[in-house]
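> A predicted structure for the sequence below; I have some questions about it.
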Amino acid sequence: MTVKLNSAQFNGYHLRIFMTGPDFDPEKLRPAEYLHEPDPRNALTAWCDENTGVIRPVQPGDLHNAVAALTLHPAVPLDIVQHFETVKNVYLYSWFIYRFQPVAEMQSLACLEYALRVRLAAEILAGKLKAKRPGLQKLMRYAIDNQLVKNEGFARWVRAQDLEWDLLRSLESALPQIRNDYAHGSYSLTPSALGIIELVHEIINQLFTVTTS
């Protein structure tokens, strides 16, 4: 899990980064000689071990291990799997370009919409969604209403042990809103991509493995 540190939490490390600083501006095109240097903003992001609570500087292996663990079910079509692997790679390379975080987030939501459209192709063709090309929110609503995705299919819902928490209904509005914000232009830059990618991973797996009851 990634968390944004403030100077009080991690002041010594924070100050060292800004005192030494990189020899390039991470907001501009990367000079070729610094192609393999990490984005210095990653130094202000910590990695929190959910089991021990230990907080330390994030490392590239943390990003890799986090997305490597997100594997799609064998029932998921190959084209969706390939799209999702691209999402994982974009997130991984945010180690070098911090602004790949929102790119990975947006791509994960595009992957989700594509997966929903593939899974619900027959229903769309039959007019059950009442639109020839329904958007992400309509697709999510149909999948939720028809129990193709369930709260029980999300690790964070299971951990919460709160039967009154309807995570799905929150996601039905939140995920399309995030996607729309990016699609219409946004300057958002927060380390939230991994959480969105995890949610998309769980939704896609449910879409192609969960049967209606």
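That came in fine, so what should we check first?

> And the next helix or strand past the worst-scoring helix or strand of the chain on mean pLDDT?
In the chain, no helix or strand scores lower on mean pLDDT, DSSP states H and E than helix 11-20, which sits at a mean of 38. Later in the chain than helix 11-20, the nearest helix or strand by DSSP states H and E is strand 45-48.

> I'd like the mean pLDDT over that following strand, please.
Taken as a whole, strand 45-48 has an average pLDDT of 81.

> List the pairing partners of that strand within its sheet, with orientation.
Strand 45-48 sits in its sheet next to strand 2-4 (antiparallel), strand 55-57 (antiparallel), going by DSSP bridges.

> ok now the last one, how far from the chain's centre?
Relative to its parent chain, strand 55-57 has a centroid offset of 21 Å by C-alpha atoms, centre = their mean, to the nearest Å.

> Tell me the helix or strand right after it.
helix 60-68.

> got the end-to-end distance for stretch 109-128?
The first and final residues of stretch 109-128 sit 23 Å from each other (C-alpha to C-alpha, to the nearest Å).

> Please state the offset of that stretch from the chain centre?
Its chain's C-alpha centre and that of stretch 109-128 lie 20 Å apart, by C-alpha atoms, centre = their mean.

> Quick check: buried residues in that stretch?
Neighbour counts using 16 or more other C-beta atoms under 10 Å place 109-116, 119-120, 123-124 of stretch 109-128 among the buried residues. The C-beta positions use only the backbone N, C-alpha and C, and glycine is treated the same way.
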